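**Student:** Structure for this input, please:
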Amino acid sequence: MANYVLEILDGDRAGDVLSLSSQPLRIGRKPGNDLVLADEKTSGVHAEVVLEGDRHVLRDLGSTNGTFLDGKRVTELVLTPGDVVTVGRLRVKFRLEGEEAAGDASDLSVHRLDAGRLDAGRSGKRGGSVGLLAGLVVLGLGAGGYLWWQGREAGDPVEGGGRKREAALVLAGNKLPQALAQCDVEDGWNLRFQGAGFQAATRAHTGTGAFEALRADGAEAPDFAIATLAEPMAVLGGRTLTLKAWAKTDPNAQVAVRAVFYASNDTNPFRFRAGTPFQSNAAWTEQSVVLTVPQGCDRMQVELCAALGAAGASASVDDVAVVEAGEAAGVDLELAESRQRVLGTGSAFVVRSTDPDNPATLLGILPDILPDAQPAQPPAMLQALHKAGFGCVTDLGATLKCTATERSFEFAADGLVALQFVFPAESAGSLLVRQTADGAFDSMAAESQFTATTLLLGDRDTRARLQFAAPVVCSGKLGLGLYRLSVASASVELVLGFRAEANQAGELLRNARKALEEGKPGAALDLVRQITLTLPHDSGTLAQARQLRAQILAAQGDVQKTLQKDLAEASFFNTRGGFERVVQGADQLVALYGQQNLEDAAAVETLRKDAQQRLTAMDAAQHDTERARLEALGKALEGAQQTGLAGVVKDYAKRHLGGN
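**Tutor:** Reported below is the predicted structural model:
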């Protein structure tokens, strides 16, 4: 095999030559590169030259200022001897080892015919000769280009370096137009939909091009890329489709091909994302997935996704196809009790309520992001993609199964350790949590972390209970109209039917109303508390119980206000009867409602204590007056020589009034 070199044509190192081997050669400004170019327009790690088979391929590694051949920016190029590539502001020539250096007069390569570099002092004759030579070369290239194009049209396409390339793959039944499927041009694709995006490149599986994602230098460079069709495809619910594409990556990149199903009707809020697992492909490899269009969906968006694990990582996708083929794997189950339905592709699920105005009980189930898990889930390469809201279960090669009972759906994930349930944001407004299997339900802030065996959320037709086999750590987050509930469990029962609980709660509510009619508001409040702590499942019954409680507590509050008014008046007029009414009223309030049912037990106790202290003070003052009167009477009797009677008076005062 011939030996090739790179020769630097400009800058301080002009004339230096580097031999190419089977090992990749990195070019850039940073000292760690194999070819270091001291040029401020050159990126830290700008490009690389790699040996693929018997050809050398130059790839731009996401540089800021680009890599150019003949004034055209390139991302990938099969090098041909004589190619002069501009990296930043410096030129590098690819040539055979032993070929005369670029400055030698024998080099007649078209890349050296740079009129801007001709000596201004050369004679007109010499300039004319050079111009004639340039014209001949250009004519020769034009003729060669014409013959190349004719060969291409005749089905004999070639790639850079004169190497033959396979004709574009044509797949029978492909629902994508061939111009989109072969990925030769950007038209019809949104290559920069998210992240680093894709770009057209010459490295292809078949045809003349493919789409490539590259990760640039720098800590802030996006580490994932998504491309989509410029316009979604029309599909029919219930049809089974096979989505496939060919992909090739370096070891630091992975690719997945995915579909997103949804409805063009804005009143249908559901979206289903599923596809192939992310995987690395050292050679061009077909990745495919069979998906069933969920009922209610009439649009399909194709997503080409790349995870880029390190600076310079690259991934290419070519020959995309969507065909009606494969065994149906859709899910459409309905609960006998609540009539709610779970719909899905087989790995992406939603739950539809029976309320047409609020159709979404559950909007989706995703893998939860647990970077500290062993192994990390999702792996580091995919975490930015998932944090941005573009992850799905199939990314990790996991499976999510759903089974239905009479009143619940049971979800179980294989290959995951935690799940994220996505609800409409309004579902979090009534979050109730039970930490132990036999514990009480307590209100919980939506955006918090807590441990639970059971939690309730949603309202009426979207009421849902998540049930776990053992206490698990949960956390919630609100944003963009969604409530994302993360649970450290791979299996969850989603209960949506509450007929038994509603019957029990209804019976308790009737008994509470009866107790109130019988003048037993405390007993009524005890029954209402039992509903809210143990049977809050039916939101309609729960709302009525809370309304009854508010009614009873309002009456209790009126009594308390009356006692406060009585205390104020008694204090102003210093009337014993007023203080006695307050003490008696406070005692009656406790007896009627029960200490546990007083909305402000401390305030009631303070009222009674203040009134009792005033009564005690009034009694003490009255005793002092009476004692003084009796003592005076005793002395008068002693003066009248009525010593026996005086003794009786003194003894009474001592025993009853604390006298001497």
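**Student:** now the residue nearest to Gly98 when sequence neighbours are not counted: how far from Val92?
**Tutor:** Nearest non-adjacent residue to Gly98, counting by C-beta to C-beta, 6 or more residues apart in numbering: Asn3, 7.9 Å away. Placement of C-beta: from N, CA and C, glycine included. Applying C-beta to C-beta, to the nearest Å, the value for Asn3 to Val92 is 17 Å.
**Student:** pretty sure the residue nearest to Gly98 contacts Ser22?
**Tutor:** No - in this structure Asn3 lies outside contact range of Ser22 using C-beta atoms under 8 Å: 11.3 Å.
**Student:** These two - which one has more neighbours?
**Tutor:** A count of neighbours by other C-beta atoms under 10 Å puts Asn3 above the other of Asn3 and Ser22, at 10 against 7.
**Student:** returning to that earlier point: got the phi and psi for the residue nearest to Gly98?
**Tutor:** phi -100, psi 140 (degrees, to the nearest 10).
**Student:** And Gly209, by the same measure?
**Tutor:** Torsion angles at Gly209 (phi, psi; degrees, to the nearest 10) stand at phi -170, psi 170.
**Student:** Surely it and Phe198 touch.
**Tutor:** No - contact between Gly209 and Phe198 fails when scored by C-beta under 8 Å: they sit 11.4 Å apart.
**Student:** Of these two, which one has the most company?
**Tutor:** Phe198 (28 against 22).
**Student:** ok, for Arg434, nearest residue in space, not its chain neighbours?
**Tutor:** Nearest one to Arg434, counting by C-beta to C-beta, 6+ apart, is Thr454 at 4.3 Å.
**Student:** Wasn't the one you found part of a strand?
**Tutor:** Yes - under DSSP: H, G, I helix; E, B strand; the rest coil, Thr454 sits within a strand.
**Student:** Now for it: which residues touch it?
**Tutor:** By C-beta atoms under 8 Å, 6 or more residues apart in numbering, Thr454 lies in contact with 433-434, 437, 441, 465-468.
**Student:** If it is in a bridge, with which residues?
**Tutor:** On the basis of DSSP bridges, Thr454 is bridged to Arg434, Gln467.
**Student:** so who does Asp538 touch?
**Tutor:** Contacts of Asp538 (C-beta under 8 Å, 6+ apart): 463, 498, 501-502, 505-506.
**Student:** nope, Ala47 is what I meant
**Tutor:** With C-beta under 8 Å, 6+ apart, Ala47 has these contacts: 26-28, 58-61, 63, 67, 87.
**Student:** Could you do Phe224 as well?
**Tutor:** 194-196, 305-308, 382, 384-385, 388, 390.
**Student:** nearest to Gly237, of these?
**Tutor:** Of all these, Gly237 sits closest to Phe390, with 23.6 Å by C-beta to C-beta.
**Student:** Run through the protein and note the low-pLDDT ranges.
**Tutor:** The chain contains residues with pLDDT under 70 at 1, 100-165, 657-660.
**Student:** Val492: what secondary structure?
**Tutor:** Taken by three-state DSSP, the conformation at Val492 corresponds to strand.
**Student:** Just confirm it contacts Arg465, I think it does.
**Tutor:** No - using C-beta under 8 Å, Val492 is not in contact with Arg465, being 10.3 Å away.
**Student:** Within the helices and strands, which one has Asp39?
**Tutor:** Asp39 is part of no helix or strand, with elements assigned from DSSP states H and E.
**Student:** Next one: it from Arg73, what distance?
**Tutor:** Note on Asp39: its distance to Arg73, by C-beta to C-beta, is 17 Å.
**Student:** Give me the more crowded residue out of the two.
**Tutor:** Neighbour tally, Asp39 and Arg73, criterion other C-beta under 10 Å: the higher count belongs to Asp39, 18 against 13.
**Student:** what sits against the residue nearest to the spatial centre of the chain?
**Tutor:** Residue closest to the mean C-alpha point of the chain, counted by C-alpha atoms, centre = their mean, is Gly389 at 4.1 Å. By C-beta under 8 Å, 6+ apart, the contact set of Gly389 is empty.
**Student:** hang on, it is in a strand, isn't it?
**Tutor:** No - judged by three-state DSSP, Gly389 forms no part of a strand; its state is coil.
**Student:** Tell me the helices and strands packed up against the strand or helix carrying Ser316.
**Tutor:** Counting by DSSP H and E, the element that carries Ser316 is strand 314-323. Judged by 3 or more C-beta pairs under 8 Å, 6 or more residues apart in numbering; DSSP states H and E, strand 314-323 is in contact with helix 178-181, strand 210-214, strand 240-249, strand 253-262, strand 299-308.
**Student:** Figure out which of these is closest to Ala620.
**Tutor:** The nearest among these, by C-beta to C-beta, is strand 253-262 at 81.7 Å.
**Student:** Show me which parts of stretch 450-460 are buried, residue by residue.
**Tutor:** 450, 452-459 (16 or more other C-beta atoms under 10 Å).
**Student:** before we move on, what about stretch 466-486?
**Tutor:** Buried residues in stretch 466-486 (16+ other C-beta under 10 Å): 466-468, 471-472, 474, 476, 482-486.
**Student:** Burial check on Ala464, number of neighbours?
**Tutor:** Ala464, neighbours per other C-beta under 10 Å, totals 25.
**Student:** Kindly list the main-chain dihedrals of the nearest residue to it once chain neighbours are set aside?
**Tutor:** Distance criterion C-beta to C-beta, 6+ apart; nearest residue to Ala464, sequence neighbours excluded, is Gly458 at 4.8 Å. Torsion angles at Gly458 (phi, psi; degrees, to the nearest 10) stand at phi 80, psi 180.
**Student:** So Gly458 versus Asp355, what's the distance?
**Tutor:** Taking C-beta to C-beta, one finds Gly458 at 10 Å from Asp355.
**Student:** And for Glu493?
**Tutor:** 22 Å.
**Student:** swap in Glu7?
**Tutor:** Taking C-beta to C-beta, one finds Glu7 at 73 Å from Asp355.
**Student:** neighbour count winner among those two?
**Tutor:** Glu7 (20 against 14).
**Student:** isn't the residue nearest to Ala464 right next to Thr361, touching?
**Tutor:** Yes - counting by C-beta under 8 Å, Gly458 does reach Thr361; the two are 6.4 Å apart.
**Student:** Would you map the helices across the stretch 301-450 of the chain?
**Tutor:** 380-387 (DSSP state H, counting those that start in this stretch).
**Student:** Do a quick rundown of the strands in it.
**Tutor:** Applying DSSP state E, counting those that start in this stretch to the stretch 301-450 of the chain gives strands spanning 314-323, 331-334, 341-344, 349-352, 360-362, 364-367, 399-404, 408-414, 419-424, 432-434, 442-443, 449-457.
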